[in-house]
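Colleague: Predicted model follows, preceded by the sequence.
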Amino acid sequence: MADMALSLIWQPIRIGPLELPNRIARAANTTTISQAGIDEQFIAYHRARARAGVGLSILEAASVHPTSILSYAIDDAACAGFERLMKEIRPYGMRVIQQLWHGGHHIPGLGGRLPWTASDVPSPFSGMVGHTASVREIEELVESFASAARRCRDAGIDGVEIHAGHGYLVQQFLSPLTNTRTDGYGGSLENRMRFAVEILRAVRREVGQNFAVGIRMSASTARGNISAAELGQVARVLEAEGLIDFLDASYGDYFEMDRMSATMAEPAGYELVPDQALLESVSVPRMVTGRFRTLEEAEQVLRSRSAEIVSLVRAHIADPELVRKTREGRAEAVRPCIACNQGCVGGLLQVARMGCAVNPSAGAEAILDESLIERAARPKKVLIVGGGPAGMEAARIAALRGHHAVLVEAGAHLGGALRAARLAPRLHTIADIVDWHEREISRLGVEVRTSTFLEPEEVLAESPDVLIVATGAADRDDGMQVASPAELPPGCGLPHVTNAHDLLIESARDFAPAHALVLDDVGHYEAVAAAEFLAERGTAVTYVTGHPAFAPRLNGTFRNEVALKRLYAGRFRLLVGHFLAAVETRHCVVRPLRAVREEIIPADAVVLVTHKTPRRTLYDALRDQLAEVRLVGDASSPRTLQDAIREGHLAARFI
């Protein structure tokens, strides 16, 4: 039975000539699932969301001109792919709109070709200074948007969206920070909006009124940039001429990238207030985004009349079945997005491909969609030792396949390292995936034993057909740093030295040292969490890392960037490229990695975040004594949450 608390979200709505079956949308998000255009992987990704009941999907940014390429271009190959895509999508009723895009100075073109842009202003993302487009070249760009729209229409796509936000080419013309032209395309707002107006006029002439056309716009946080109110003036001009059927309001640009895809520190709907002036400027249907995770949150937006359509992008990456499960009254079964940005955004910037920390199937639906899981012909007894993320996912998938899954955890609770992580400031939602896993393995009948430590002979006594070892990793206590592993700093055994896990789990409420040193040799979030935990208690924190930057393994997730903002609001000092040489009772000795100069740092508490040691004793003892033994997660190699869940998933899926 559908959830009766939801009503507006299920209502159809028209955007121009196009009727959407409901108010649930997915704004364009870059996946780079396929570098070859619209292939089966790409189609499978969108088919999974359509099958579950999403009303509208806006396909990721497609290039209209060879001077800037991000994912795929609107060419003959893409058009053939569109036809295959729409053949798969049509039966489910989901509408499909293609976003038309040019990156301007942020993203180069084919073969590294210099991108065309508004002015010779460097990109805050890449530092690139693009080629300032001439008037003739501007006319060429305008025509490229129009011809791309025509190709989309002819290939069966339901509409197009012009990307005029996030600091890309159209916004580079709109913004006084990136448009320093002195001709008819620069200066006043009327001149700066000329490029956008000409694009929409050309598109409308090309496709007519019987084809949905919209625009995406985003206010900037950068001082002196175009405001939401000025964008509203542009949107009013476009609406008055009948050039747009909908407005897609977003937030942020490359001056402050975390505004575009906020971390778990931000509340649902965080974009609504800064976008208010833009949203109130038009009467066409408005779509909003902003870390919405549930349809209940989307319903609240509709009831507040802030918008008529709500986009849930990352939530649908985490669980493509979000709409179906909610409509069936099973909202608690929706796999939660934890807003870690690790796979969806960080994956793009680090490995050039979207993934998902909590959903190993995301972007690989053609081969890993959970609808493809089949029950085992001959069920086996699968013993999983270790109740962290890898072990819980392995138990869930083993049970889905019909095996007798037994999950054994030495501690009193499931969750592994996430039990400590959830105690860090603004990191509480990271353990939502633990809560979900616990509900799912209970529903599936997994046998769970906590407070149970198994020796090798006890495992053998269980007579498992398959053993999955997910015992995690142990903290080192010797202060070993990868820059000089033979040089162990003396004093690491002193009583005021701890690790991040023990700091978060065991610290008394009144623990607030005057000065603390956090050593980060890993570059991920563990040391950041420790620093924030101490800073919130008023401690002066010195953050020492051998890396050349602050928490570089978080690049692309924005969590390091937003954490730095908070840390610098207190007493915080960052020393990059430094080595912890010694720990004393009330201070530490540090030095630059490439120099002998030493500095004394006051430290009443020292937190060591160094590389962990895999707990693989059980695996080593039994790998030759049982037919199938698999090692997953940190027990194999200490890495990330995404690696742990993926390895647990695959280990159980292919038993």
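Modeller: Now that the structure is in, tell me what you want to look at. Numbering: from 1, shown residues only.

Colleague: buried ones in the helix or strand where residue 560 lies?
Modeller: Assessed by DSSP states H and E, residue 560 sits inside helix 559-567. Within helix 559-567, the residues scored as buried using 16 or more other Cβ atoms under 10 Å are 559-564, 566-567. All C-beta atoms are positioned from the backbone trio N, CA, C, and that covers glycine.

Colleague: Could I get these in CSV, plus columns for distance to residue 627 and pLDDT?
Modeller: Shown next, in CSV, are these (distance: Cβ to Cβ, whole Å; pLDDT from 0 to 100):
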residue, distance to residue 627, pLDDT
559, 42, 86
560, 44, 86
561, 48, 87
562, 48, 88
563, 46, 90
564, 50, 92
566, 51, 93
567, 51, 95
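
Colleague: out of the residues you listed, who's nearest residue 600?
Modeller: Closest approach to residue 600 among the buried residues of helix 559-567 (Cβ to Cβ): residue 567, at 21.7 Å.

Colleague: Spatially nearest residue to that closest one (excluding sequence neighbours)?
Modeller: With Cβ to Cβ, 6 or more residues apart in numbering as the criterion, residue 567 has its nearest non-adjacent residue at 5.6 Å, and that residue is residue 535.

Colleague: The one you found and residue 573 touch, don't they?
Modeller: No - using Cβ atoms under 8 Å, residue 535 is not in contact with residue 573, being 11.2 Å away.

Colleague: So which of these two has more stuff around it?
Modeller: Taking neighbours as other Cβ atoms under 10 Å, residue 535 and residue 573 compare with residue 535 leading, 23 against 13.

Colleague: Which pLDDT value goes with that one?
Modeller: pLDDT for residue 535: 96.

Colleague: what does the one 4 residues further on give?
Modeller: We have a pLDDT of 97 for residue 539.

Colleague: Can you classify the closest residue to it other than its chain neighbours as helix, strand or coil?
Modeller: Nearest in space to residue 539, with sequence neighbours left out and distances taken as Cβ to Cβ, 6+ apart, is residue 516 at 4.9 Å. The three-state assignment at residue 516 reads strand, by DSSP: H, G, I helix; E, B strand; the rest coil.

Colleague: ditto for residue 97
Modeller: Once three-state DSSP is applied, residue 97 turns out strand.

Colleague: And for the closest residue to it other than its chain neighbours, the neighbour number?
Modeller: In this structure, residue 97 finds its nearest non-sequential neighbour in residue 159, 4.2 Å apart by Cβ to Cβ, 6+ apart. Look at residue 159: counted by other Cβ under 10 Å, it has 24 neighbours.

Colleague: next one: residue 229
Modeller: Neighbours of residue 229 under the rule other Cβ under 10 Å: 13.

Colleague: May I have the phi/psi pair for it?
Modeller: Note on residue 229: backbone dihedrals following degrees, to the nearest 10 are phi -70, psi -40.

Colleague: The closest residue in space to it that isn't next to it in sequence sits in which helix or strand?
Modeller: By the measure of Cβ to Cβ, 6+ apart, the closest residue to residue 229 outside its immediate chain neighbours is residue 277, 4.2 Å from it. Per DSSP H and E: residue 277 is located in helix 276-279.

Colleague: before we move on, back to that, against which helices or strands is the helix holding residue 560 packed?
Modeller: helix 525-535 (3 or more Cβ pairs under 8 Å, 6 or more residues apart in numbering; DSSP states H and E).

Colleague: Downstream of the helix it packs on, the next helix or strand is which one?
Modeller: Scanning forward in sequence from helix 525-535 by DSSP H and E, the next helix or strand is strand 540-545.

Colleague: What pairs with that following strand, parallel or antiparallel?
Modeller: strand 515-520 (parallel), strand 572-575 (parallel) (DSSP bridges).

Colleague: okay, those strands, which one's buried deepest?
Modeller: Ranked by mean neighbour count, the strands paired with strand 540-545 are led by strand 515-520 with a mean of 27 (mean count of other Cβ atoms under 10 Å).

Colleague: Give me the angle between it and helix 525-535.
Modeller: Interaxial angle of strand 515-520 relative to helix 525-535 (axes from the mean of the first three to the mean of the last three Cα atoms, to 10 degrees): 170 degrees.

Colleague: Just give me the neighbour total for the closest residue to residue 649 other than its chain neighbours.
Modeller: Using Cβ to Cβ, 6+ apart and skipping the chain neighbours, the partner closest in space to residue 649 is residue 360 (4.4 Å). Residue 360 has 23 neighbouring residues, counting by other Cβ under 10 Å.

Colleague: ok now do the residue nearest to residue 567, which residues does it touch?
Modeller: Neighbouring residues of residue 535 by Cβ atoms under 8 Å, 6 or more residues apart in numbering: 541, 566-567, 570-572.

Colleague: can you check residue 246 too?
Modeller: Residue 246 neighbours (Cβ under 8 Å, 6+ apart): 15-16, 161, 212, 214-215, 284-287, 309.

Colleague: between those, which is closest to residue 62?
Modeller: residue 161 (10.3 Å).

Colleague: Which elements pack onto the strand or helix carrying the closest one?
Modeller: Here residue 161 sits within strand 159-163, counting by DSSP H and E. Applying 3+ Cβ pairs under 8 Å, 6+ apart, one finds that strand 159-163 contacts strand 95-101, helix 135-154, helix 194-207, strand 212-219.
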